[in-house]
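Peer 1: okay, predicted coordinates and the sequence, questions at the end:
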There are 4 protein chains.
Amino acid sequence: MKRAPTDPSVSAPVAAKRAAAARGFASAAKPASENEAISTRAAKAAERRAAIIEAALDEFTARGFAATRIDDVAKRAGVAKGTIYLHFTDKEAMFQELVRTALVPTMQRLTAQPSPGVSARQMLEAFADAFVNDVAQTRRGDILRLVMAEGTRFPSLAEFHYRNVVEPGVAGIRRILELGVARGEISSAALAQFPQLAVAPVVLSVIWQGLFGRFAPLDVQAMLRAHLDLIFGERTAS
Amino acid sequence: MKRAPTDPSVSAPVAAKRAAAARGFASAAKPASENEAISTRAAKAAERRAAIIEAALDEFTARGFAATRIDDVAKRAGVAKGTIYLHFTDKEAMFQELVRTALVPTMQRLTAQPSPGVSARQMLEAFADAFVNDVAQTRRGDILRLVMAEGTRFPSLAEFHYRNVVEPGVAGIRRILELGVARGEISSAALAQFPQLAVAPVVLSVIWQGLFGRFAPLDVQAMLRAHLDLIFGERTAS
Amino acid sequence: MKRAPTDPSVSAPVAAKRAAAARGFASAAKPASENEAISTRAAKAAERRAAIIEAALDEFTARGFAATRIDDVAKRAGVAKGTIYLHFTDKEAMFQELVRTALVPTMQRLTAQPSPGVSARQMLEAFADAFVNDVAQTRRGDILRLVMAEGTRFPSLAEFHYRNVVEPGVAGIRRILELGVARGEISSAALAQFPQLAVAPVVLSVIWQGLFGRFAPLDVQAMLRAHLDLIFGERTAS
Amino acid sequence: MKRAPTDPSVSAPVAAKRAAAARGFASAAKPASENEAISTRAAKAAERRAAIIEAALDEFTARGFAATRIDDVAKRAGVAKGTIYLHFTDKEAMFQELVRTALVPTMQRLTAQPSPGVSARQMLEAFADAFVNDVAQTRRGDILRLVMAEGTRFPSLAEFHYRNVVEPGVAGIRRILELGVARGEISSAALAQFPQLAVAPVVLSVIWQGLFGRFAPLDVQAMLRAHLDLIFGERTAS
DNA sequence: AATGAATGAGCATTCATTCAT
DNA sequence: AATGAATGAATGCTCATTCAT
């Protein structure tokens, strides 16, 4: 099994710059210093940390936990190997810390409070669209895949995601489904008992694209729409 | 990440014996000699090979490819390390060889020819039952999970499974769905366009049980039944 | 360093046959049984032993001691690995036994009694010709090279060759040189003190051809003749 | 073949110190900093590299390429195994790199421009003396032996030495011989056609001392002098 | 804080030797 | 005697982690 560079087009320093501007993932670490010109020690440290996180995610999603080398993460982040250990106690801590925080905000947004006057179908459509736009087509999809792939080896990680991503997500979906049943939009009461059924195509799409996307890509959006038709009992034209 | 024995209750010799009786995986290698007492060289070799396969599957499913040590496979199989290299050229060949062949026969059986006079619902029910009995509750479920987890790192493996497991499986399901639509059992024509929707809960269940089964087990059978109700438009009692 | 087959054109069975007919090296082992048709156990064993010796020499000269694999010797000899251990206690014993006996008879012939009425020059010419024909152009040259290459690591082997090949050889040459001096053929008396000087070009040629022969072959015969001219004080035409 | 320490009298730290003072081999790496007390990172690295080179030469010359263990080189150099891989990509690269550079400067000096007003005999005498002092009696002699022993297995190494050591050396000797012929010092014109004849005793001495030096040492200096007498046609007193 | 050279435990693979058949 | 499957010690190389600068 040869080892290939994850992204040879990105040189280390460029990667560092790009990483410094990482959206979302490490925003908490960089307190948006009052002035861009001001570059305090703390700001620099935050930048570095963000670069490391960015690089680590790239490597971990591309290679998995075991096959990722700290050396490569460091190179990609544009820092020295030792620097990583100033931010993370060890490789596993880095992995778990990164993967833990990477999805929570997104999932919280995805399963946010439904607006009152909206139909269940519209809610699920919004959810599906958000998933396609914010997860399936971004690096978050890779992270989701990573959690599924490595979760078995990191029980605490799996449980963390269950508590913070899956459970709330399923609960949110269930609320929507119950609303749909209550309003008569959905005829199958069993669906609310297994909200997983509503999410299953999302899980499948993540796996599918990761394994087969290269040669047999799936039109996730269309599939999710067909799924909603199924749930809401609408007969689609053949 | 501390390394723990995958199954400390099984001593090496016992493992070897158990392996000798391995169901399915290496059956081709042991031609069921006329008499059990007969123990030819070939039979012994087949036994050993079966033991290695068994052990390797245990270790690979428990730890993943990278974290599995040949030494542990050997110990678990009750053979010396060198013996493994009499049967497989290297670790990766062993991994791919095992995982490639492990699912194909089962999947072929699962998606076999539907009996003529049977309803689409019955067919899918049979499929769901077979999956629960032969995959979800056996080691094949672990292997399926393993393919999902490592497939990204082994493109040829992913493609092999696509061609030999996924594509035929999806095609089989599609035929059933089309039959259902033709017979009026299924109202949603879009389903036949995305047979993946019919299989999605199966994929979800594999992932779910692998990650969360320990603390939040899923009643896969019940879920699949609910899913069929959804597909066939039957309103289940709440 | 990739490992390449020493002689891919020779298949194992053919090699065995050819080995069975090995000239010289193992003749002592095959007592020329009364009748060729008779193939006693002993004769078969001798044949096998000869095949092993032949194969071992091929491999050892091609790869050196450390890089030669018993497995390859067995394959080349057309016998099973275990069979080798019926004839030799271990790899080193095989190596030493082979290399020890391979040169002695030849060297004895090369330094045999000088015919009485022959000039010193003629004697040395005969020696040079014999060396070129029987050593430089045959596998014995490889063996000589092998001894030079591995001798440092096998002190007893080096000493054996000193006692049985070098010492007698040098003594023989010295006798010839003294004869030449006594007869007035040779003017330099110092030569007889260092008979090694007379043999030095022979040693050089073995090394040279082994290392550089591929791209810078040496005309050994011509060089040896020039050397004789030097020794016997004849001025060669430019 | 029992494995014995090459030089048990030298403890690791001592070896490192000694290596730091290695003559010639790694001189380029240590830029002779202004003050001996100054110990920059670069200097330390150079020291380490020199220690590794020294140790590796010891081991390689004592055991040959295949039988040398990286572990032993590391121990002897007083560094950890991994450190070696910071300086050389792998064992073969280390071997070739060391052996390639070890002889070139010496050989260049040996075959340097002859002073104009000097006789051919004096030139060859200077060459012989330099060889005895700088090669035969130093570790360079071992390296030369090593090249002869392993050259067959490393064609590129053999060719490198041919181009950089042998070819220029032979050319230099040839020039001297031609000068001698032109001046009437040398009567045999054939000698200039085979300058190898002038070097042959040098080659023989390297081999001889390596194989038989322990129990039958050769007075190389005297032999080379006798050889010069032979070349220049002087009759030595018996 | 940052660096990156140094460390050494860890692991895949090889191969001489043994021994049951 | 002959076989070749099985063994397991040996060894090259990797890479997470440490620490002197």
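Peer 2: Sure, I can see it. Residues are numbered from 1 along each chain as shown, chains lettered A, B, ... in the order given.
Peer 1: tell me how far the residue of chain A found nearest DNA strand E lies from chain B.
Peer 2: Nearest to DNA strand E in chain A, going by Cβ to the nearest atom of the strand, is A:G82, at a distance of 1.9 Å. Using the backbone N, CA and C atoms, a C-beta is placed for each residue, glycine as well. From A:G82 over to chain B the distance is 21 Å, taken as Cβ to the nearest Cβ, to the nearest Å.
Peer 1: state the helix or strand in which that residue lies.
Peer 2: A:G82 belongs to helix A:81-87 when assigned by DSSP states H and E.
Peer 1: just the CA coordinates of that helix, formatted as PDB?
Peer 2: Output of helix A:81-87 as PDB, limited to C-alpha atoms (Å, rounded to 0.1, in the frame of the first residue of the first chain):
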ATOM      1  CA  LYS A  81       6.500  18.500  14.700                       C
ATOM      2  CA  GLY A  82       7.100  19.600  18.200                       C
ATOM      3  CA  THR A  83       4.700  22.400  17.900                       C
ATOM      4  CA  ILE A  84       1.800  20.000  17.600                       C
ATOM      5  CA  TYR A  85       2.600  18.700  21.000                       C
ATOM      6  CA  LEU A  86       2.300  22.100  22.500                       C
ATOM      7  CA  HIS A  87      -1.400  22.000  21.400                       C
END
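Peer 1: right, is it up against DNA strand F?
Peer 2: Yes: for helix A:81-87, a contact with DNA strand F is found by Cβ under 7 Å from any atom of the strand, at A:81-82, A:85.
Peer 1: show me chain A divided up by domain.
Peer 2: A:12-88, A:98-231 (automatic domain parsing).
Peer 1: what is the mean pLDDT for the first one?
Peer 2: When you say that, I think you mean domain A:12-88. Domain A:12-88 shows a mean pLDDT of 76.
Peer 1: over to stretch A:230-237?
Peer 2: Mean predicted lDDT for stretch A:230-237 stands at 74.
Peer 1: in chain A, which residue sits closest to chain D?
Peer 2: For chain A and chain D, the shortest gap (Cβ to the nearest Cβ) falls at A:D71, measuring 12.5 Å.
Peer 1: which non-adjacent residue is nearest the most centrally placed residue in chain A?
Peer 2: The residue lying closest to the centre of chain A (Cα atoms, centre = their mean) is A:R140, at 2.9 Å. Closest residue to A:R140 apart from its sequence neighbours, by Cβ to Cβ, 6 or more residues apart in numbering or on different chains: A:T106 at 5.8 Å.
Peer 1: cool, and A:M94?
Peer 2: Per Cβ to Cβ, 6+ apart, closest to A:M94 is A:F88, 3.8 Å.
Peer 1: what segments of chain A are helices?
Peer 2: A:12-20, A:41-63, A:70-77, A:81-87, A:91-110, A:120-131, A:139-150, A:155-161, A:167-182, A:190-193, A:196-212, A:220-231 (DSSP state H).
Peer 1: turn the ones you listed into CSV, columns for distance to D:A136.
Peer 2: Listed next are these as CSV, based on distance: least, Cβ to Cβ, whole Å:
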stretch, distance to D:A136
helix A:12-20, 51
helix A:41-63, 55
helix A:70-77, 46
helix A:81-87, 47
helix A:91-110, 54
helix A:120-131, 80
helix A:139-150, 63
helix A:155-161, 67
helix A:167-182, 81
helix A:190-193, 92
helix A:196-212, 67
helix A:220-231, 78
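Peer 1: quick one, which of those helices is nearest to B:N164?
Peer 2: helix A:196-212 (12.5 Å; Cβ to Cβ).
Peer 1: same for the closest one, what does it pack against?
Peer 2: helix A:120-131, helix A:139-150, helix A:167-182, helix A:220-231, helix B:139-150, helix B:155-161, helix B:196-212, helix B:220-231 (3 or more Cβ pairs under 8 Å, 6 or more residues apart in numbering or on different chains; DSSP states H and E).
Peer 1: quick one: the shortest one to chain centroid distance?
Peer 2: Between the mean C-alpha point of helix B:155-161 and the mean C-alpha point of its chain there is a distance of 15 Å (Cα atoms, centre = their mean, to the nearest Å).
Peer 1: ditto for stretch A:136-144
Peer 2: Distance of stretch A:136-144 from its chain centroid, counting by Cα atoms, centre = their mean, is 5 Å.
Peer 1: avg pLDDT for it?
Peer 2: Rounded mean pLDDT across stretch A:136-144 is 93.
Peer 1: contacts for that stretch?
Peer 2: Stretch A:136-144 is contacted from outside by A:57, A:61, A:99, A:102-103, A:106, A:134-135, A:205-206, A:209-210, A:220, using Cβ atoms under 8 Å, 6 or more residues apart in numbering or on different chains.
Peer 1: for the closest residue to chain B within chain A, phi and psi?
Peer 2: Chain A approaches chain B most closely through A:A66 (3.3 Å), counting by Cβ to the nearest Cβ. With angles defined as degrees, to the nearest 10, A:A66 sits at phi -60, psi -40.
Peer 1: now it: closest residue in space that isn't a chain neighbour?
Peer 2: The shortest distance from A:A66 to any non-neighbouring residue, by Cβ to Cβ, 6+ apart, is to B:A66 (3.3 Å).
Peer 1: now A:R145
Peer 2: Closest to A:R145 by Cβ to Cβ, 6+ apart is A:G210, at 4.5 Å.
Peer 1: next one: A:P155
Peer 2: A:P155 sits nearest to B:R214 (Cβ to Cβ, 6+ apart), 7.2 Å away.
Peer 1: and the one you found, what pLDDT?
Peer 2: So B:R214 comes in at 96 (pLDDT).
Peer 1: that one - how many residues pack around it?
Peer 2: 12 (other Cβ atoms under 10 Å in any protein chain shown).
Peer 1: just A:F215 next, same as before
Peer 2: 11.
Peer 1: and the spatially closest residue to it that is not a sequence neighbour, how far from A:A216?
Peer 2: Closest residue in space to A:F215, ignoring its immediate chain neighbours: B:E159 at 6.5 Å, by Cβ to Cβ, 6+ apart. Distance from B:E159 to A:A216, counting by Cβ to Cβ, to the nearest Å: 9 Å.
Peer 1: before we move on, what about A:A120?
Peer 2: Taking Cβ to Cβ, one finds A:A120 at 32 Å from A:A216.
Peer 1: neighbour count winner among the two?
Peer 2: Comparing A:A120 with A:A216 by neighbour count (other Cβ under 10 Å), the higher total belongs to A:A120, at 23 against 15.
Peer 1: pretty sure the more buried one sits against A:I186.
Peer 2: Yes: between A:A120 and A:I186 there is a contact at 6.6 Å, judged by Cβ atoms under 8 Å.
Peer 1: intersection of neighbour lists for the two?
Peer 2: With Cβ under 8 Å, 6+ apart as the test, A:A120 and A:I186 both reach A:177, A:180, A:232.
Peer 1: save those as JSON lines, and put in distance to C:A171 too.
Peer 2: Listed next are the shared contacts of A:A120 and A:I186 as JSON lines, based on distance: Cβ to Cβ, whole Å:
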{"residue": "A:L177", "distance to C:A171": "105"}
{"residue": "A:G180", "distance to C:A171": "109"}
{"residue": "A:F232", "distance to C:A171": "108"}
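Peer 1: got CSV for the helices and strands packed on helix A:196-212, with distance to D:L224 too?
Peer 2: As requested, the helices and strands packed on helix A:196-212 are exported to CSV (distance: least, Cβ to Cβ, whole Å):
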stretch, distance to D:L224
helix A:120-131, 87
helix A:139-150, 71
helix A:167-182, 89
helix A:220-231, 84
helix B:139-150, 67
helix B:155-161, 65
helix B:196-212, 79
helix B:220-231, 90
